[in-house]
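Undergrad: got a predicted model here, sequence first, then my questions.
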Amino acid sequence: MRTVLVKLFTLSALVVASFSATVSPSLAQAKKKFTLAWTVYVGWMPWPYAAEASIVKKWADKYGIKIDVVQVNDYVESINQFTAGKVDAVTAANMDALTIPAAGGVDTSVVIVGDFSNGNDGIVLKGTSKLSDIKGRKVNLVEMSVSHYLLARALSTVGLKEKDVKTVNTSDADIVAAFSSADSKAVVTWNPQLSEAKALKGANLVFDSSKIPGEIIDTTIVRGDVLKDNPDFAKALTGIWYETIAIMAKDKEGVTARESMAKASGTDLAGFDDQLKTTRMFYDAKEAVEFTKSAGLVTTMDNVRKFSFAHGLLGEGAKSVDVIGIAFPGGKTLGNAKNVKLRFDSSFMEMAAAGKL
């Protein structure tokens, strides 16, 4: 979930630069078949359930199109496939949408803001309950990821900087095992690994994403060239999304849906519901629209782009934090307005809120 390894990014950006030059013209056209890629994370599990329950087919049929919903086991790879034009839409965190496709030169639109992490990402220390005690420790985390961003934001709250710790790049698959070793005293990770790390003897959660609400955002993004010529694809996706999460929130029917989502994500209903408690889902499209139009989102993306630039994630040779433009509803832009590559488009969520899909 939500990882950006700098070596992978650099390779991806180089590959995409040449790939886009040869395939982009053929992509920018009306078509009838589309692919959405997803990876396992509590906030994205509505997608496979929607496919299983024929909700995807229902909305695709409404617009006379076909939508394949496919799982990709590796999160970074799913976004690389999106960037290379192999899939039309993908689930991605806000930071990763900026640092992989947008930084790779692909016009990218956020069409659904599904949730933000409200405790799903956290910092765990052994032998102390004080965040400031992290100073001087080695910290296991997926470097250049939202975990790295969370660490930087947390350190700033206690007057520390990244130079005050030593980060140890650790894959999400290995991070719990690494933290279980005697010599590991600090870890930054996300659920379900976060829950496992917290359960270890002597471990204490000292900071989590609920302290920076609204900053780690989980979205569905669509390629700009696809969206321009195929707005019905985004309409169908939005319809699918809000019908599915409405079912999630119901009593009896919601339990059945969440059980299916839990199974697909490798946990049980209790585990899945625990993860939902630390996920601020926007079940109401109006709330999602308000969030997307808020000044707070602009501030968040300003923080994200500054972190990304400082860590070399805005592309090879990026000379300024302003190299990439980020557009928001209402005409607000951060960065280069002549090079907008990431767009927060609330129009489809507005249609859902108004019942006009």
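TA: Perfect, thanks for sending it. Numbering: from 1, shown residues only.
Undergrad: count the residues that sit near Asp268.
TA: By other CB atoms under 10 Å, the residues close to Asp268 number 12. The way it works is simple: take the backbone N, C-alpha and C, and place the C-beta from them, glycine included.
Undergrad: now do the contacts for it.
TA: Ala262 (CB atoms under 8 Å, 6 or more residues apart in numbering).
Undergrad: what's the pLDDT at it?
TA: The model reports Asp268 with a pLDDT of 94.
Undergrad: over to Phe9?
TA: Looking at Phe9, the pLDDT reads 36.
Undergrad: then Met349?
TA: At Met349, pLDDT is 98.
Undergrad: can you name the helix or strand that it falls in?
TA: Here Met349 sits within helix 347-353, counting by DSSP states H and E.
Undergrad: average pLDDT for stretch 56-64, rounded please.
TA: 98.
Undergrad: grab the most central residue of the protein for me.
TA: Among the residues of the chain, the one closest to the centroid is Ala93, at 1.5 Å (CA atoms, centre = their mean).
Undergrad: wait, doesn't that residue sit right on Ile216?
TA: Yes. When contacts are counted by CB atoms under 8 Å, Ala93 is listed as touching Ile216 (6.3 Å).
Undergrad: am I right that Ser109 is in a strand?
TA: Yes. Under DSSP: H, G, I helix; E, B strand; the rest coil, Ser109 falls within a strand.
Undergrad: so who does it touch?
TA: Ser109 makes contact with Ile221, Val222, Arg223, Gly224, Leu227, Ala234, Leu342, Arg343, Phe344, Asp345, according to CB under 8 Å, 6+ apart.
Undergrad: just the ones of the residues you listed in strands?
TA: Counted as lying in strands by DSSP state E, out of the contacts of Ser109, are Ile221, Val222, Arg223, Leu342, Arg343, Phe344.
Undergrad: one step back: enumerate the positions of the helix holding Met349 that are buried.
TA: Using 16 or more other CB atoms under 10 Å as the test for burial, helix 347-353 gives Phe348, Met349, Glu350, Met351, Ala352, Ala353.
Undergrad: send the alpha carbons of the host helix or strand of Val255 over as PDB?
TA: Using DSSP H and E, Val255 falls within helix 252-264. Provided in PDB are the C-alpha atoms of helix 252-264 (Å, rounded to 0.1, in the frame of the first residue of the first chain):
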ATOM      1  CA  LYS A 252     -27.300  -6.500   7.600                       C
ATOM      2  CA  GLU A 253     -26.200  -5.900   3.900                       C
ATOM      3  CA  GLY A 254     -23.200  -4.000   5.000                       C
ATOM      4  CA  VAL A 255     -21.900  -6.800   7.200                       C
ATOM      5  CA  THR A 256     -22.100  -9.200   4.200                       C
ATOM      6  CA  ALA A 257     -20.200  -6.700   2.100                       C
ATOM      7  CA  ARG A 258     -17.600  -6.000   4.600                       C
ATOM      8  CA  GLU A 259     -17.100  -9.700   5.200                       C
ATOM      9  CA  SER A 260     -16.300 -10.100   1.600                       C
ATOM     10  CA  MET A 261     -13.900  -7.200   1.600                       C
ATOM     11  CA  ALA A 262     -12.200  -8.500   4.700                       C
ATOM     12  CA  LYS A 263     -11.700 -11.900   3.100                       C
ATOM     13  CA  ALA A 264     -10.300 -10.300   0.000                       C
END
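Undergrad: got the buried residues for that helix?
TA: Ala257, Arg258, Ser260, Met261, Ala262, Ala264.
Undergrad: ok, the residues you listed vs Glu143, which is closest?
TA: Among the buried residues of helix 252-264, Ala264 lies closest to Glu143 (CB to CB), at 28.3 Å.
Undergrad: dump the residue contacts of the closest residue to the closest one other than its chain neighbours.
TA: Sequence neighbours aside, Pro48 is the residue nearest to Ala264 in space, at 5.1 Å (criterion: CB to CB, 6 or more residues apart in numbering). Contact partners of Pro48, counting by CB under 8 Å, 6+ apart, are Trp38, Val69, Gln71, Met261, Ala264.
Undergrad: between those, which is nearest Phe328?
TA: Set against Phe328, the nearest of those by CB to CB is Trp38 (24.9 Å).
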